[in-house]
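Visitor: no FASTA, just this:
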Ligand code: ZN
């Protein structure tokens, strides 16, 4: 999870932020994929703003890199570690990649699909089951996101924007808030 946190921090440190345009920086979410032996196979962070790609969540970018590394789409036996509870898209991708284990940090009460709003990976109607470990270093993972949104609020005095998450831990995957 420390590696995933380092990746998340890299998202927040995008060039856009350095130039003072924090509103175009990517929400700091990081993901790491471990192979069955526990070695880091892929690491990625949210690149939605950087790539202008609505699907470039950390998990998706990491899954694509891991699949490329193993030379196929099946990631059985692999573990995905991510700092924020996956959304519906990412939970779906985790199931489709046959990833065996998901470890996540902060819960996402606004968009989480692995226990908060939905529980895609443990839905008995689906054939694939992924073991889920939630809340690992949740405090650190959540703090990174809260700091990011707090900083963004301060750099944006524009009044008529969608309300960003408050400081009570209501975080949002991909920064849709
Ligand atoms: Zn996602």
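Guide: Good, I have the coordinates. In this text the structure is predicted, and so the values were computed from the model without any measurement.

Visitor: All the helices of the chain, in order from the start?
Guide: For the chain, helices defined by DSSP state H occupy the ranges 2-12, 15-18, 48-51, 58-70, 88-96, 138-154.

Visitor: Quick one: closest of those to the ion.
Guide: Each of the helices of the chain was checked against the ion via CB to the ion, and the shortest separation belongs to helix 88-96, namely 3.3 Å. (Glycine included, C-beta is placed from N, CA and C.)

Visitor: Residue 119 and residue 102 touch, don't they?
Guide: No. Proximity of residue 119 to residue 102 does not meet the contact threshold set by CB atoms under 8 Å, at 11.5 Å.

Visitor: If you count surrounding residues, which of the two has more?
Guide: Neighbour totals were compared for residue 119 and residue 102, and residue 102 leads with 23 against 14 (other CB atoms under 10 Å).

Visitor: List the contacts of stretch 122-142.
Guide: When contacts are taken as CB atoms under 8 Å, 6 or more residues apart in numbering, the neighbours of stretch 122-142 outside the stretch itself are 1-2, 5, 8, 81, 83-85, 94-95, 98-107, 114-115, 120-121, 169, 171.

Visitor: what is the mean pLDDT for it?
Guide: Stretch 122-142 shows an average pLDDT of 92 in the prediction.

Visitor: what does stretch 31-45 give?
Guide: Mean pLDDT, computed over stretch 31-45, is 96.

Visitor: is it anywhere near the ion?
Guide: No. Counting by CB under 5 Å from the ion, no contacts exist between stretch 31-45 and the ion, the nearest distance being 9.4 Å.

Visitor: just stretch 96-108 next, same as before
Guide: No. Using CB under 5 Å from the ion as the criterion, no contacts between stretch 96-108 and the ion are found, and the smallest distance is 9.0 Å.

Visitor: buried stuff in that stretch?
Guide: 97, 99-108 (16 or more other CB atoms under 10 Å).

Visitor: Could you export these as a markdown table, including pLDDT and distance to residue 54?
Guide: Supplementary listing: the buried residues of stretch 96-108 in a markdown table, determined by pLDDT from 0 to 100; distance: CB to CB, whole Å:
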| residue | pLDDT | distance to residue 54 |
| --- | --- | --- |
| 97 | 97 | 19 |
| 99 | 97 | 21 |
| 100 | 97 | 27 |
| 101 | 97 | 26 |
| 102 | 97 | 22 |
| 103 | 97 | 25 |
| 104 | 97 | 21 |
| 105 | 96 | 22 |
| 106 | 97 | 21 |
| 107 | 97 | 22 |
| 108 | 97 | 17 |
